[in-house]
Every structure is written in C-alpha cells, then in structure tokens.
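Participant: okay, sequence plus prediction incoming.
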Amino acid sequence: MRLLHTADWHLGQTLHGIARDHEHARFLDWLLDTMDERAVDALVVAGDVFDGQNPPIPALGLFYRFLARAKARLPGLDIVVVAGNHDSGSRLEAPSPLLRELGVHVVGGLPFGEDGAFTPDRLLFPLRDEAGRVAAHCVAVPYLRPADLPPAETEDATDPLIEGVRRIYAAAIDAGRQRCRPGEALVLTGHCYMRDGALSELSERKILGGNLHALPVDVFPEDAAYVALGHLHRAQAVGGREGVRYSGSPLPLAIDEESYPHQVVLAEIADGRLVAQEALRVPRFVTVQRVPGGGRFAPPEEALAALRALELEDGLPREAWPFVEVSVELAEPRPALREEVAAALAGRPARLVKLAVRLTGHGEALAETAPQMELADLAPEDVFQRLYRRSHDGDPDPALLAAFQELVTTVQEGA
C-alpha cells in the first residue's frame, strides 16, 4: 500500500497581506497529478488544512474541489483528514456525513459517547491497497486541546498534559490493534509539537499549553508502522525514528521558511510494516527572494544595488511574481529608505512583502540589534515577556508562562 502524507496546507493564508490562493491551487493540482502518477492508495492530511478558524470562501472552495477531483480521478483512494490547531474542528467535520459517502474521513475533534466517555473506535479507518484489501488501519487523532485531555490520575503527575495525551493515544492505539489482523499495519496521526523538533518561530503557534509541554517520541509505540505528524513546517523525522515524521508544509508560510525542503512523504507499507519512504519535493510556484540573501543585513547602498540586480522573469502573471524581502543595516535614520526600495522595484515583476531594518548606531550595535519589528510580527508570548520585563526583574516563571500560553491557545481556538 502506498500512503501519501502531507500536512500544514494553511489554505486561506496571506503573506504580509498577499493571498496565497494561486500557490495553493497549483500545489493541489500538483498533488493530484503526483498521486495519480505514483499510484497512491491512501492520502493522510495531518492537520492545519486551513489557516484560520473561519476560512475564506476561496479556501473552502479549493479544499472541497480538491476532494471531489481526487475521488473522481482515483475512485479507490482512501482519504483521512484530521484537524490541526489552526482549524475549527467542528467546521472541518461538519460535512462528514456527505464526505464519508465519498470515502473521505474527516476528524475534527475527539469523539465522545452519550455518556461522555471517549470512544476511540470512531477514530479508526481502514486503508486499502490497490487490490482493495485492507493493508492498514489508521488511528486518526486530531490536534488535542488541553480541554480534551482526561485529568491526571495522580496529583504528583510530572506533566498532566503529557500524561493526558499518553492516555488518549494509548486508548486509541489499543482499539486500533484490536482491528489489525496479521499482516495489517497500524498507522497513526498527530498534530502536535514533538520534543527536539525544529520549529519556525514566525509562523507556528505554540500549542498544548506551550512548547514547554513538547511530547516525547515514546508516546507512539514501536509497533506503529508509520506516524504522520503535522504542525512543524520543516520536514523532519522525530527521535531517530524514520517512521515518525513531519511531512512539513508544502509552501513557505513565512519568509524564514524559504530554505526549507518543502515536500510530501510517500510511504510504502507491506506485511504490516514500513518498507520504504520517499520525500517528494513540492515545486516552488512563487519564489521568495531575500536581499541581500541568507537573512543577512547589508548597508543600504549594497542592498539597493542587489535589489536592482535581481534577475526577474518577465511575462509572469501578477499572482506568480516573486515575494521580495529586503534587509538593511543603518547607522543612522534614513527616512526615504522605503521610497528608495520601491523605486528600485518600480515596473518590475516582483512584490515587496517586507523591509527589515537593523539600527547599528555609529558602527556599534545598539542595545537591541535585532531587526525592528511590527506588532503583527511578534508572537503573543514575545509581547507578554517584554511587558513582564518592564515591571519585573528577569523572565516570567515557567508556570506563569505556561498559564499564559494556555490562555492564548483558548482565545485563538475560540474555546
């Protein structure tokens, strides 16, 4: 059985105010062609289908058109989609009665019975090979909010949140094992932050009470053939286990993700185990140009010269024009800098999305040498820490920071 793992589409996202619909449409076209060419049997989307709780109509249209086209072109394709922390689980799951008839399984939140008990059987979906035989069972666990987790069984639990996640996965995995016959594999999903994962600070929200509660890889048992993860945008394996991995996002969702190897993962499962996997690089449909490059800051004349020297392709439609970031180092204020940058790009097929400025004084760094940032560029946690330091010595206590992160998560998720 060939399983394609992808995540973190963030349909409806904008980059500094510019919609990404063109790139997402091109990606979904490529994904459909790739699944056809590679004879994929199952598609697993591990969360953050949309960029927000209330996605715009064009983003909804992209998603549902893709599902319809995929089932029309590949009738035997099994599709499993779970919600991420950016998604509204209830909104994502609302059309499930219709989608199930097409062979599309969507899990927005944990299922509970009339008695309030967790019902893991409703997270289990068979995945079939090209001959229609069940080759694996997918335990489709969505993003787990703190409110989803059972209370700690003991008052001295080291980390009640991690303990709660372990208990949810243990129950779901036990239910999955009971479904598996000899030769059938166990496939898991998760939308979470794993310990020692490399994250993008500019575009990934801290989840599950903050990254202080990163999950250890042993949450997932060794007998799981493959664990399809979402949330971190850089593709990576976890804890030295090749079968536990983030596919990464298909597009750079922030300028600093330009260098990531954006991809999807093709996993091959046979006789109940993972036998092969391959990273399939996603084409870059809109390029990102960083001037002077590599996140480096340059004096204004050097940056402007590099900007004028950019090789840009004429004839591209506007929605395919490159995104441009310019990073400038200034020894003194230069009020006309933005106009100078705009003049260097005037009439050329490129879109300026960010002008970053670092002030250095008279050749020596000021107290804060980091680029000047707008409030929109700061994470809530950064604002909280800065305000805390204004009134107190040192950094906030970890418990206070964790409580703040849980409050932010509640607000962001509309809980």
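Facilitator: That came through fine.
Participant: what's the average pLDDT for stretch 176-183?
Facilitator: If you average the pLDDT over stretch 176-183, you get 96.
Participant: now that stretch: buried residues?
Facilitator: Across stretch 176-183, burial judged by 16 or more other C-beta atoms under 10 Å covers G176, R179, C180. All C-beta atoms are positioned from the backbone trio N, CA, C, and that covers glycine.
Participant: could you find the closest non-adjacent residue to the first one?
Facilitator: Nearest in space to G176, with sequence neighbours left out and distances taken as C-beta to C-beta, 6 or more residues apart in numbering, is V139 at 4.3 Å.
Participant: ok, now A298?
Facilitator: Counting by C-beta to C-beta, 6+ apart, the residue nearest A298 is P292, at 4.2 Å.
Participant: ok, the one you found touching L304?
Facilitator: No: using C-beta atoms under 8 Å, P292 is not in contact with L304, being 10.1 Å away.
Participant: residues in contact with the residue nearest to A298?
Facilitator: By C-beta atoms under 8 Å, 6 or more residues apart in numbering, the contact list for P292 reads A298, E302, A303, A306, S327.
Participant: one more time with 6 Å
Facilitator: A298, A303, A306 (C-beta atoms under 6 Å, 6 or more residues apart in numbering).
Participant: can I get the helix ranked longest in the chain as PDB, trimmed to CA atoms?
Facilitator: With secondary structure taken from DSSP state H, the chain has its longest helix at helix 160-179. Presented in PDB, the C-alpha positions along helix 160-179 are these (Å, rounded to 0.1, in the frame of the first residue of the first chain):
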ATOM      1  CA  PRO A 160      -0.500  16.300  33.500                       C
ATOM      2  CA  LEU A 161      -0.800  17.500  29.900                       C
ATOM      3  CA  ILE A 162       1.600  14.900  28.500                       C
ATOM      4  CA  GLU A 163       0.100  12.200  30.700                       C
ATOM      5  CA  GLY A 164      -3.300  13.100  29.300                       C
ATOM      6  CA  VAL A 165      -2.000  12.800  25.700                       C
ATOM      7  CA  ARG A 166      -0.500   9.400  26.500                       C
ATOM      8  CA  ARG A 167      -3.800   8.100  27.900                       C
ATOM      9  CA  ILE A 168      -5.700   9.300  24.800                       C
ATOM     10  CA  TYR A 169      -3.200   7.700  22.400                       C
ATOM     11  CA  ALA A 170      -3.000   4.500  24.500                       C
ATOM     12  CA  ALA A 171      -6.800   4.000  24.300                       C
ATOM     13  CA  ALA A 172      -6.900   4.800  20.600                       C
ATOM     14  CA  ILE A 173      -3.900   2.600  19.700                       C
ATOM     15  CA  ASP A 174      -5.300  -0.300  21.700                       C
ATOM     16  CA  ALA A 175      -8.600   0.000  19.700                       C
ATOM     17  CA  GLY A 176      -6.500   0.100  16.500                       C
ATOM     18  CA  ARG A 177      -4.500  -3.000  17.500                       C
ATOM     19  CA  GLN A 178      -7.700  -4.900  18.100                       C
ATOM     20  CA  ARG A 179      -8.800  -4.200  14.500                       C
END
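Participant: and it, what does it pack against?
Facilitator: In terms of contacts (3 or more C-beta pairs under 6 Å, 6 or more residues apart in numbering; DSSP states H and E), helix 160-179 is packed against strand 134-139.
Participant: element containing A403?
Facilitator: Using DSSP states H and E, A403 falls within helix 398-412.
Participant: care to break the chain down by domain?
Facilitator: 2-281, 293-377 (automatic domain parsing).
Participant: need the pLDDT of the residue nearest to V288 when sequence neighbours are not counted.
Facilitator: In this structure, V288 finds its nearest non-sequential neighbour in E258, 4.1 Å apart by C-beta to C-beta, 6+ apart. On pLDDT, E258 comes in at 92.
Participant: repeat that for E37.
Facilitator: Looking at E37, its pLDDT is 98.
Participant: could you report the neighbour count for it?
Facilitator: Neighbourhood size, E37 [other C-beta atoms under 10 Å]: 8.
Participant: what of A336?
Facilitator: Around A336 there are 10 residues (other C-beta under 10 Å).
Participant: helix or strand for the closest residue to F404 other than its chain neighbours, which one?
Facilitator: Using C-beta to C-beta, 6+ apart and skipping the chain neighbours, the partner closest in space to F404 is F384 (5.3 Å). F384 belongs to helix 380-391 when assigned by DSSP H and E.
Participant: go on, L98?
Facilitator: helix 96-101.
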